[in-house]
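> I'd like to go over a predicted model; first the sequence, then the structure.
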Amino acid sequence: MRRTHSPRPPRATRPRLLTALTAVVVLTGTTAASCGDNQPPVSLAAAARNAVTEVIDAPATVTARAAATLTAPADGTLASLRVQPGQRVKRGQVLAVVDSPTAQQRLRQAKDALTAAKRAGRGVSTGSLTSNRRDTDKAADEAFDAARKAAGKIADPQLRDALLAQVTSAQQQYAAAARSADQAVRAVQRGISGLNSAVGALSAAQRLQAQQAYDLAKATVDALTLRAPIAGVVQPGGTRSSGGSTGDLAGLLEQAGGAQAAGIDPSVLAPAQGGPPPGVDDAVAVGGRVTAGTPVLTVVDTGQLGLLAEVDETDVLLVKAGVTATVELDAVTGATYDATVRSVDVLPTSSNQGGVTYRVRLALGAGKLGEGEGEAAPAPRPGMNAIVHLRVREAADAVTVPASAVFSADGRDAVWVVRDGRADQAPVTVGVQGSDLVQILTGLQAGDRVVVRGTDQVRDGQEVR
């Protein structure tokens, strides 16, 4: 029975490089049906023991350890700028100050309201309980709405969600106090309780609402002094990245500064997406107007650079933490850098070509120019494009054949083995797959002669010399 076969197609998504090769002596021969050209239609080679490395190539982007963008917490003007672009700063260092008369006015009003709330409850009559409650609820609703609007201007999703959660928690606390006030009022109306207990409950609700409004206003004023949430290098404006920017309203949270740094993926700084027109500086000048959420400065921590690579779904299962790689940068011709896989994302992302890829995060090591003991390569910058060569599998002393010898027959891998001058189709199990050599786990032994050229022209039992 005649079996059909076809050359084993290479996996286009997995280019393989860096295969350690030893010399393979190619034995050539011709079949009876020669094409008459200089190249014989069928060529043979001997299976031999070699070292082979399987490498996956993936596009990547250089990333910073962390990046944090400081934004104006309120409308106003940039009063002062304490640093210069490119300057290295420490965490907590004052970088800029925003002047916001509206924020200062809200703080004064909140302070007056808090003072009044602490004095409330004196000389209150039964008839004024319901009216006071309505006024208190209206003021509380306005304060919570204002807080939500301020939080909504934060670009960073994690920081925005944290602030909104704080506002929600404060509103729930106020609602609980309001319920207690309602119960006290109803008790007075039914004659069960005295006026003093109802007044006390309403006063507690007023004080809670006033205190929360004051805390929010004071935190906003405190946040007008922009401090570096992380150590790094300063640049004007924001990152203009797809991930957005963080706002300095982290000062509204108890963990100010830490929350902002936590809102940045510590291994990712995406390349710029858009930005101002050519020749236009996006920096805010001293004295310039700002609105809540306007990016003022960005601090980039380049102490440890990394890589964000996108690996195709057909290859990602071979990539594990600890896999080593070499890296080539578009910006540094002739240089190679070392890298090590730190993690592989569980959830996929869509590639630029529309396929499914997974993000692989690597630590970027030192680079060198040229071969051997070349001079040190320059340190790259976040956002630079790179190609990562991931060494996913290696075999030091393996039975190997040229990759062209392996083809697909009846749904499995096979080679043509030449015994006593005749071709015999032999099923094989493939291991590590290099760009030129393929490891054969079963089906061949070192020294066996196989067809490496013209596999589609050979049939069972055909004489091959």
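Received, thanks.
> so what's residue 375 closest to, chain neighbours aside?
residue 369 (5.1 Å; CB to CB, 6 or more residues apart in numbering). Placement of C-beta: from N, CA and C, glycine included.
> One more: residue 98?
Nearest one to residue 98, counting by CB to CB, 6+ apart, is residue 224 at 4.6 Å.
> same check, this time on residue 443
Of all residues not flanking residue 443 in the chain, residue 428 sits nearest, at 3.4 Å (CB to CB, 6+ apart).
> what residues are up against the residue nearest to residue 375?
332, 334-335, 375-377 (CB atoms under 8 Å, 6 or more residues apart in numbering).
> Save the residues you listed as CSV, and put in pLDDT too.
Converted to CSV, those look like this (pLDDT from 0 to 100):
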residue, pLDDT
332, 92
334, 88
335, 92
375, 86
376, 90
377, 90
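> Restricted to strands, list those residues.
Counting by DSSP state E, these place residue 335 in strands.
> ok, so of the contacts of residue 369, who is nearest residue 418?
Closest approach between the contacts of residue 369 and residue 418, by CB to CB: residue 334, at 43.1 Å.
> my read: that closest one touches residue 370, true?
Yes - between residue 334 and residue 370 there is a contact at 6.4 Å, judged by CB atoms under 8 Å.
> Now do the shared contacts for these two.
In contact with both residue 334 and residue 370: no residue, using CB under 8 Å, 6+ apart.
> in this structure, which spans are helices?
Remark: helices assigned in the chain by DSSP state H are 101-119, 129-152, 157-189, 195-222, 258-262.
> how's the chain carved up into domains?
5-52+395-457, 66-99+225-274+286-301, 101-222 (automatic domain parsing).
> what about the shortest one, average pLDDT?
Meaning domain 66-99+225-274+286-301. Here domain 66-99+225-274+286-301 scores 69 as its mean pLDDT.
> For that domain, measure first residue to last.
In domain 66-99+225-274+286-301, first residue to last residue: 5 Å (CA to CA, to the nearest Å).
> repeat for the last one
Between the opening and closing residues of domain 101-222 lies a distance of 13 Å (CA to CA).
> Contact partners for residue 225?
Counted by CB under 8 Å, 6+ apart, residue 225 has contacts 94, 97-98.
> again, only using 7 Å
Contacts for residue 225 (CB atoms under 7 Å, 6 or more residues apart in numbering) come out as 94, 97.
> related to what we said a few turns ago, tell me what the residue nearest to residue 375 is bridged to.
Residue 369 has these beta-bridge partners by DSSP bridges: residue 335.
> so what's it scoring on pLDDT?
Reading off the model, residue 369 has pLDDT 89.
> what do you get for residue 219?
Taking residue 219 on its own, its pLDDT is 77.
> Near it, how many other residues are there?
20 (other CB atoms under 10 Å).
> cool, residue 307 as well?
27.
> How about residue 400?
So residue 400, with other CB under 10 Å, has 28 neighbours.
> distance of it from residue 431?
Noted for residue 400: a distance of 9 Å to residue 431, by CB to CB, to the nearest Å.
> hey, least reliable of the helices of the chain by pLDDT?
helix 258-262 (a mean of 30).
> pull the CA atoms of the longest strand anywhere in the chain into CSV?
Scanning the chain for the strand with the most residues, using DSSP E, yields strand 385-402. Extracted in CSV, the C-alpha atoms of strand 385-402 (Å, rounded to 0.1, in the frame of the first residue of the first chain):
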residue,chain,number,x,y,z
ASN,A,385,12.1,48.0,20.4
ALA,A,386,13.9,44.7,20.7
ILE,A,387,13.9,41.1,19.6
VAL,A,388,14.2,38.5,22.3
HIS,A,389,15.7,35.1,21.5
LEU,A,390,14.4,32.7,24.2
ARG,A,391,16.4,29.5,24.7
VAL,A,392,13.5,27.3,25.7
ARG,A,393,15.1,23.8,25.3
GLU,A,394,18.6,22.5,25.0
ALA,A,395,20.2,19.0,24.5
ALA,A,396,23.9,18.7,24.9
ASP,A,397,24.6,15.2,23.4
ALA,A,398,21.6,14.3,21.2
VAL,A,399,21.1,12.2,18.1
THR,A,400,20.3,14.8,15.5
VAL,A,401,19.5,15.0,11.8
PRO,A,402,19.2,18.1,9.5
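> what mean pLDDT does that strand have?
Here the average pLDDT along strand 385-402 is 93.
> burial count for the spatially closest residue to residue 61 that is not a sequence neighbour?
Spatial nearest neighbour of residue 61, chain neighbours left out: residue 308 (5.1 Å); criterion: CB to CB, 6+ apart. Other residues lying near residue 308 total 21 when counted by other CB under 10 Å.
> Residue 308 is in contact with residue 59, isn't it?
No - if you go by CB atoms under 7 Å, residue 308 and residue 59 don't touch, sitting 9.7 Å apart.
> With respect to residue 42, which of the contacts of residue 369 is nearest?
Looking across the contacts of residue 369 and measuring by CB to CB, the closest to residue 42 is residue 334, at 40.0 Å.
> out of everything not next to it in sequence, what's closest to the closest one?
For residue 334, the spatially nearest residue (CB to CB, 6+ apart) is residue 369, at 5.8 Å.
> and that neighbour, how far is that from residue 55?
Taken as CB to CB, the span from residue 369 to residue 55 is 21 Å.
> And residue 291, by the same measure?
50 Å.
> Looking at these two, which is more packed in?
Ranked by neighbour count (other CB under 10 Å), residue 291 and residue 55 place residue 55 first, with 22 against 11.
> Please name the bridge partners of the more buried one.
residue 391.
> Hmm, residue 387 and it touching each other?
No - Residue 55 is not in contact with residue 387 according to CB under 7 Å; the separation is 11.0 Å.
> From residue 348, how far off is residue 357?
7 Å.
> now residue 53
Counting by CB to CB - residue 53 and residue 348 are separated by 27 Å.
> ok, those two, which is more surrounded?
Each of residue 53 and residue 348 has its neighbours counted (other CB under 10 Å); residue 53 has more, 21 against 14.
> Am I right that the more buried one is in contact with residue 434?
Yes - taking CB under 7 Å as the definition, residue 53 is a contact partner of residue 434 at 5.9 Å.
> can you pull the contacts of the closest residue to residue 426 other than its chain neighbours?
Take residue 426 and drop its neighbours on the chain: the residue closest to it by CB to CB, 6+ apart is residue 417, 4.5 Å away. Contact partners of residue 417, counting by CB under 7 Å, 6+ apart, are 424, 426, 444, 448, 450.
> Would you reformat the residues you listed as a markdown table and include distance to residue 394?
Output for these, formatted as a markdown table (distance: CB to CB, whole Å):
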| residue | distance to residue 394 |
| --- | --- |
| 424 | 31 |
| 426 | 25 |
| 444 | 20 |
| 448 | 23 |
| 450 | 23 |
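> quick one: contacts for residue 113?
210, 213.
> For it, give its distance to residue 216.
From residue 113 over to residue 216 (counting by CB to CB), the distance is 12 Å.
> what's the answer for residue 389, then?
52 Å.
> Could you do residue 238 as well?
24 Å.
> returning to that earlier point: in the sheet, which residues pair with the residue nearest to residue 61? Tell me.
residue 61, residue 361.
> for residue 356, same thing?
Assessed by DSSP bridges, residue 356 has beta-bridge partners residue 350.
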